[in-house]
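>>> give me the fold of what follows.
(one chain, ligands or ions: 1)
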Amino acid sequence: MTTISNRLQDILATIQSAEAASAYHQHVQLLAVSKAQPASAIREAYVAGQTIFGENYSQEALEKQKQLTDLAIEWHFIGPIQSNKTQIIGQNFSWVHSVDRLKIAQRLNEARVSITPPLQICIQVNISNEDTKSGVLPTQLEALAEAISVLPHLKLRGLMAIPAPTTNPAQQIAQFTQVRECYDALINKGFALDTLSIGMSNDYETAISQGATIVRIGSALFGARAALKNTATSINSDT
Ligand SMILES: *Cc1c(COP(=O)(O)O)cnc(C)c1O
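As a prediction, the model looks like this:
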C-alpha cells in the first residue's frame, strides 16, 4: 500500500528535479493541502517531514488545529474569504493566499493587530478562469497591491492563482505565463515580492517550470478527497 510518507517522498523528488530544470533557479516549497482530510492524515504527513499545510475552510481548519497543537505546523489559508471569517483567519494562520479585495485585507489587518509577525499575504489573481469568481482581475491588481502594502499588520509576498483545470501542457503554460507576467510587472513597479503560489496535483511540474515558488498539493499527497461537506463540488466556498 502506498502511504502518505511514500507519496510525500515521490512528490519532493519530483519537485526537486523540476526545480533543477527550471530556468528561474527558484526555491520551491510544498504546501500540503489538507482540506477534507482528517487530523490524523496531517499528523502522518508531519511525522514524515511535512510542516506546511493549507486549508480552505476556516471552521474545519480550526477543529484540526485544536487536535494538532503539539506540532509546529505553519498554517496557510487558501480558500475564499467571507468577511465574517477574517477574525478567525487573521489570528489562526501564518499565511493567506486568497486575498482578492481591499475590504478583506483591511479586516485581516485589524484581526492581526496584536499578533506578530505580520500575516503573510498573496493576492489571488483571476487569470480568465471562468470556473471561479475568486481573484482580482489583472487590471485591478496594482491598485490592490498598493493598498495592501501600506497595511502594517500584513506583509505582501506575492501572487496566487487557480488556473482553469486542463491536462493540456500548452494551456497550462499559457495560464501560468499570465500570472508570471502579472508578478513580474509588480516587481518592475518596485514591489518586493518573492512568492508565486501556482501549481496543484495535476500541473505542479509545469508550474515550477514557469517560476512557481509554492506548489499547493492535495490529492497527489493524501489521495482522493472524501466527499466531505461542500469540498467535492467546489473549492470556492466557505459555508
Ligand atoms: C484543493 C486545492 C488545492 C489542491 O488541489 P489538488 O488538485 O488536490 O492538489 C490547491 N489549491 C487550492 C486553492 C485548493 O482549493
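
>>> where along this structure do the strands fall?
Remark: strands assigned in the chain by DSSP state E are 29-33, 52-55, 74-77, 95-99, 119-124, 154-160, 195-197, 214-217.

>>> who in this protein is up against the ligand?
Taking Cβ under 6 Å from any ligand atom as the criterion, the chain approaches the ligand at residues 33, 35, 56, 78, 162, 200-202, 216-220, 235. (C-beta placed from N, C-alpha, C; glycine too.)

>>> output those residues as a markdown table; include the columns neighbour count.
Converted to a markdown table, the residues of the chain next to the ligand look like this (neighbours: other Cβ atoms under 10 Å):
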| residue | neighbour count |
| --- | --- |
| 33 | 26 |
| 35 | 21 |
| 56 | 24 |
| 78 | 25 |
| 162 | 25 |
| 200 | 19 |
| 201 | 15 |
| 202 | 15 |
| 216 | 24 |
| 217 | 24 |
| 218 | 23 |
| 219 | 15 |
| 220 | 18 |
| 235 | 22 |
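
>>> circling back to that earlier point, reformat the strands of the chain as JSON lines; add mean pLDDT.
Supplementary listing: these in JSON lines, determined by pLDDT from 0 to 100:
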{"stretch": "strand 29-33", "mean pLDDT": "98"}
{"stretch": "strand 52-55", "mean pLDDT": "98"}
{"stretch": "strand 74-77", "mean pLDDT": "98"}
{"stretch": "strand 95-99", "mean pLDDT": "98"}
{"stretch": "strand 119-124", "mean pLDDT": "98"}
{"stretch": "strand 154-160", "mean pLDDT": "98"}
{"stretch": "strand 195-197", "mean pLDDT": "98"}
{"stretch": "strand 214-217", "mean pLDDT": "98"}
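
>>> can you tell which of these is closest to residue 189?
Each of the strands of the chain has some distance to residue 189 by Cβ to Cβ; the shortest is strand 154-160, at 12.2 Å.

>>> all helices for this protein, in order.
Assignment of helices within the chain using DSSP state H yields the ranges 4-21, 39-47, 58-67, 86-92, 102-111, 138-149, 169-188, 204-209, 219-222.

>>> check which helices and strands the last one sits against.
By that I understand helix 219-222. With contacts taken as 3 or more Cβ pairs under 8 Å, 6 or more residues apart in numbering; DSSP states H and E, helix 219-222 sits against helix 4-21, strand 29-33, helix 39-47.

>>> now the first one: mean pLDDT?
Which is helix 4-21. If you average the pLDDT over helix 4-21, you get 98.

>>> returning to what we had before: tell me the most buried of the helices of the chain?
Here the criterion is mean neighbour count by mean count of other Cβ atoms under 10 Å, and of the helices of the chain the winner is helix 204-209, at a mean of 23.

>>> with just CA atoms, put it into CSV.
What follows is helix 204-209 as a C-alpha-only set of coordinates in CSV (Å, rounded to 0.1, in the frame of the first residue of the first chain):
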residue,chain,number,x,y,z
TYR,A,204,2.9,21.4,-10.5
GLU,A,205,5.9,20.4,-12.6
THR,A,206,4.7,22.8,-15.3
ALA,A,207,4.1,25.4,-12.7
ILE,A,208,7.7,25.1,-11.4
SER,A,209,9.0,25.4,-15.0
